[in-house]
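Chemist: Provided below for reference: sequence and predicted model.
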Amino acid sequence: MVGFVALAVFAVLFLRLWALQVLSGTTYRVEASANRVRTIQIQAPRGTIVDSSGHVIVTNTLGTSLELLPPDLPRGPAARLRELGAISRVARVPVATITAQLRRYADEPLTPIVLADSISRGEYDYFKERQFEFPGVELAQTYERSYPDNSLAAQVLGYVGPITPAELGAAGKEGYQPQDVMGQAGLEASYDRYLKGTDGSAEVTVNSLGQPTGPVETTVLPEPGNTLRLTLDLSLQRAAEGALRYGINLAHSTPDGTYADGGAIVALDPRTGAILAMASNPTYHPSAFVTRNADQLAPLLYPKPAAARNYPGTNRAIDAAYPPGSVFKPVTALAAMEENILTPTQTIWCTPSFTFYQELFTNWDPDSDQLMELPQALAESCDTYFYRVGALFYKLPASLGPTLQKWASRFGFGANTGIDIGPQDPGILPTPAWRCHAYGGPALPALADVAGEVACDTLDRTWKPGYEVQLAIGQGDLLVTPLQMARFYAMIANGGELVTPHIAEDVETPSGDGGPPQILRDLATQQPTPAGLSQTALQAVQDGLYDGVHSPLGTSYGVFGEFPVAVAGKTGTAQLDVAVPGFPQPLELNQSWWCGYGPFADPTLVVCAEIENGGHGGTAAAPAALKVFEKYFHKSAIVTPHISD
């Protein structure tokens, strides 16, 4: 019996040993090999970004990232903490940040943790020479974004950064990994799927400390990202950014522009909506996200430094909204003619003041007192003419709803423009329903947007006559972005079609034979939408904008009157309450605008300029816009100082 039991026990042991060595031998050999053969991800170079002529705006340079592999760190808490402290001192990454990353990837122990996207040569040499003192530390080749033109078009281009957990959850199905970088703003974010490329992989034999004991062998080659071609013209972009600085400096030379501190310029093709230049000031260096310079990053990441430096990360062309002032008057004119409450040849008094429902409204020019037709009223920017048109809108039957706003909405105001980068500010197109909701009335979806049907129980929520009158000259609660305004003027220039602005032209890949690049996808395919305007109404507005530049009494004449290319356009001066350091209450400061197009007979360029707190439109924004026209047409003009609305 004892012998039988012993035989049975040895039989079981023998069968188990046979199963381990024979049946499962291959599996365990693979697992054992995996313990000493490590797979390394090879980052694919990100695609380049070029302007419309192929000039490189964003490319890559080789760098070294500092990574941590948790299983190779010391097991003991004290030894691990000592190593993390040493890493922190050399790489200037706080220990708290490192431990937070370790906790974040606790469920993915084999995923390398990127502590720094790029380290200096000195840091690289230090870790390389002392690799036996830093088990778990890996130095990996990486690609850093490089910007040959420094801060040029910074807000348009955007930047890349480590993928966040939220982004990984949404993009995991598309092949993104926890250690990937991803576009975080601007074009880098909008077209990340084309720029990213496909990572490769390699294998290397390591010892028990995770240190390489053999050469790195590539198993899968990385595939570079595609090239993104833009509609931007690099030389015009440079001119627009210089023009913005010029306009701000001009404003500083006048008492009305003392607090000028920013602005935006948009230049686009009115036929297609292609953005040729988009400038925003103040700006920043996208390389700050590569070098991780704390001082440069602070105003881009944290509210207080951002406010102190006037939000350099904001693209003011699309994500900042301002009262437009008189550049909005063509909207009022077109809407009034389409609603048959105004004709181009109808005369209306332009007086020093206008009273409506016992409220007094004044003209910017206190000496004007004459009958005017529409083109002259636009050219000389008579406020009281348009106040009276606003009053006509207010007197329309309530059953028609907010008619002026209906046309403004059709022209793209109060909504996103459809441009292929973000974020965007839709602005504010005030209506009776909007005002009731904004000031604490019933929920907006429950309101009928008709003046007579909006139930508001307090005076502040009620749509007063003065609001309609102010809206007619682009004041009150109305807020628009420079791009919305440029898009509207493009509609006037091209004969009544609303274009969809875009910055990306196509996605390309190099041809194999050294020839022209192969276009993988055309991104500029959206056709303009007719706005439903009569040619008579458009012609009247076009004539008024032309006279505003070429008539001696036109508000743009002092700037564009001697320009050799026939340009049409409109100045604007809009009041806005602005908080100014050192003053207990906000100051009412003028926002300087100019929007227009040229050549008048066959427009190919629309320019819209806005200078924050810059004073009158003719003293800051118009001269800035002129600089862009001069660069585009390669012509120069003689500018005469001219203060105007």
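Modeler: Structure received.
Chemist: For residue 539, which non-adjacent residue is spatially closest?
Modeler: Nearest residue to residue 539, sequence neighbours excluded (C-beta to C-beta, 6 or more residues apart in numbering): residue 344, at 7.7 Å. In this view, the C-beta of every residue, glycine as well, is placed from N, C-alpha and C.
Chemist: Let me see the ranges of the strands in the stretch 201-350 of the chain.
Modeler: Counting by DSSP state E, counting those that start in this stretch, the stretch 201-350 of the chain has strands at residues 217-220, 227-230, 262-268, 275-281, 348-350.
Chemist: rounded to a whole number, what's the mean pLDDT of the helix or strand following the last one?
Modeler: Meaning strand 348-350. Per DSSP states H and E, the first helix or strand lying C-terminal to strand 348-350 is strand 353-356. Across strand 353-356, pLDDT averages out at 96.
Chemist: Can you redo the strands of the stretch 201-350 of the chain as TSV, where the extra columns are mean pLDDT, mean neighbour count and distance to residue 426?
Modeler: Converted to TSV, these look like this (pLDDT from 0 to 100; neighbours: other C-beta atoms under 10 Å; distance: least, C-beta to C-beta, whole Å):
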stretch	mean pLDDT	mean neighbour count	distance to residue 426
strand 217-220	82	12	45
strand 227-230	97	24	24
strand 262-268	98	29	16
strand 275-281	98	28	18
strand 348-350	97	19	32
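Chemist: okay if I get those as TSV plus distance to residue 540?
Modeler: Shown next, in TSV, are those (distance: least, C-beta to C-beta, whole Å):
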stretch	distance to residue 540
strand 217-220	65
strand 227-230	36
strand 262-268	24
strand 275-281	28
strand 348-350	13
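Chemist: closest one to residue 620 among the ones you listed?
Modeler: Proximity to residue 620 (C-beta to C-beta) singles out strand 262-268 among the strands of the stretch 201-350 of the chain, at 8.3 Å.
Chemist: what helix or strand is residue 570 on?
Modeler: Here residue 570, judged by DSSP H and E, is contained in strand 568-578.
Chemist: Just the endpoints, please. Distance across stretch 499-512?
Modeler: 36 Å (C-alpha to C-alpha, to the nearest Å).
Chemist: ok now that stretch, how far from the chain's centre?
Modeler: Remark: stretch 499-512 is offset 18 Å from the chain centroid, using C-alpha atoms, centre = their mean, to the nearest Å.
Chemist: got it, and stretch 52-61?
Modeler: Put simply, stretch 52-61 sits 19 Å off its chain's centre (C-alpha atoms, centre = their mean).
Chemist: Check stretch 40-47 too.
Modeler: Mean-position distance between stretch 40-47 and its chain equals 26 Å (C-alpha atoms, centre = their mean).
Chemist: For that stretch, output the C-alpha coordinates as PDB.
Modeler: Provided in PDB are the C-alpha atoms of stretch 40-47 (Å, rounded to 0.1, in the frame of the first residue of the first chain):
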ATOM      1  CA  ILE A  40      10.300  50.000 -27.400                       C
ATOM      2  CA  GLN A  41       7.900  52.400 -29.200                       C
ATOM      3  CA  ILE A  42       9.500  54.400 -31.900                       C
ATOM      4  CA  GLN A  43       7.900  57.800 -32.300                       C
ATOM      5  CA  ALA A  44       6.800  58.700 -35.800                       C
ATOM      6  CA  PRO A  45       7.900  62.200 -36.900                       C
ATOM      7  CA  ARG A  46       4.900  64.500 -36.900                       C
ATOM      8  CA  GLY A  47       3.900  66.000 -40.300                       C
END
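Chemist: Pull out the buried residues from that stretch.
Modeler: 40, 41, 42, 43, 44, 45, 46, 47 (16 or more other C-beta atoms under 10 Å).
Chemist: Show me the contact partners of it.
Modeler: 60, 112, 140-143, 145, 160, 177, 179, 181, 194-204, 216, 218, 220-228 (C-beta atoms under 8 Å, 6 or more residues apart in numbering).
Chemist: now do 7 Å
Modeler: Contacts to stretch 40-47, defined as C-beta atoms under 7 Å, 6 or more residues apart in numbering, come from residues 60, 142-143, 145, 179, 194-202, 204, 216, 218, 222-228.
Chemist: residue ranges with poor pLDDT in the protein?
Modeler: Filtered on pLDDT under 70, the chain yields the residue ranges 19-20, 22-36, 108-110, 171-173, 207-212, 214, 441-461, 639-644.
Chemist: Let me see the contact set for residue 360.
Modeler: residue 353 are the contacts of residue 360 under C-beta under 7 Å, 6+ apart.
Chemist: Residue 136 too?
Modeler: 68, 69, 70, 72, 73, 210.
Chemist: Of these - the most surrounded one?
Modeler: Within the contacts of residue 136, most neighbours by other C-beta atoms under 10 Å means residue 68, with 22 neighbours.
Chemist: Leaving out sequence neighbours, find the closest residue to that one.
Modeler: Using C-beta to C-beta, 6+ apart, the closest residue to residue 68 is residue 113 (4.4 Å).
Chemist: go on, residue 574?
Modeler: residue 325 (3.1 Å).
Chemist: cool, residue 279 as well?
Modeler: Counting by C-beta to C-beta, 6+ apart, residue 279 lies nearest to residue 240, which is 4.0 Å off, once chain neighbours are set aside.
Chemist: I'd assumed residue 596 was in contact with residue 493.
Modeler: No. Using C-beta atoms under 7 Å, residue 493 is not in contact with residue 596; the gap is 8.6 Å.
Chemist: So which of these two has more stuff around it?
Modeler: Relative neighbour count places residue 596 above the other of residue 493 and residue 596, with 31 against 28, counting by other C-beta under 10 Å.
Chemist: phi, psi of that one?
Modeler: Per-residue torsions, residue 596: phi -180, psi -170 (degrees, to the nearest 10).
Chemist: Number the chain from 864, please
Modeler: Right, with 864 as the first residue, what we last looked at is residue 1459.
Chemist: In contact with it, which residues?
Modeler: Contact analysis of residue 1459 by C-beta under 7 Å, 6+ apart lists 1352, 1408, 1430, 1431, 1432, 1433, 1470, 1488.
Chemist: Please tabulate the residues you listed in JSON lines, including the columns distance to residue 1166 and neighbour count.
Modeler: What follows is the contacts of residue 1459, written out as JSON lines (distance: C-beta to C-beta, whole Å; neighbours: other C-beta atoms under 10 Å):
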{"residue": "1352", "distance to residue 1166": "34", "neighbour count": "25"}
{"residue": "1408", "distance to residue 1166": "41", "neighbour count": "28"}
{"residue": "1430", "distance to residue 1166": "41", "neighbour count": "28"}
{"residue": "1431", "distance to residue 1166": "42", "neighbour count": "28"}
{"residue": "1432", "distance to residue 1166": "37", "neighbour count": "30"}
{"residue": "1433", "distance to residue 1166": "36", "neighbour count": "33"}
{"residue": "1470", "distance to residue 1166": "33", "neighbour count": "31"}
{"residue": "1488", "distance to residue 1166": "32", "neighbour count": "31"}
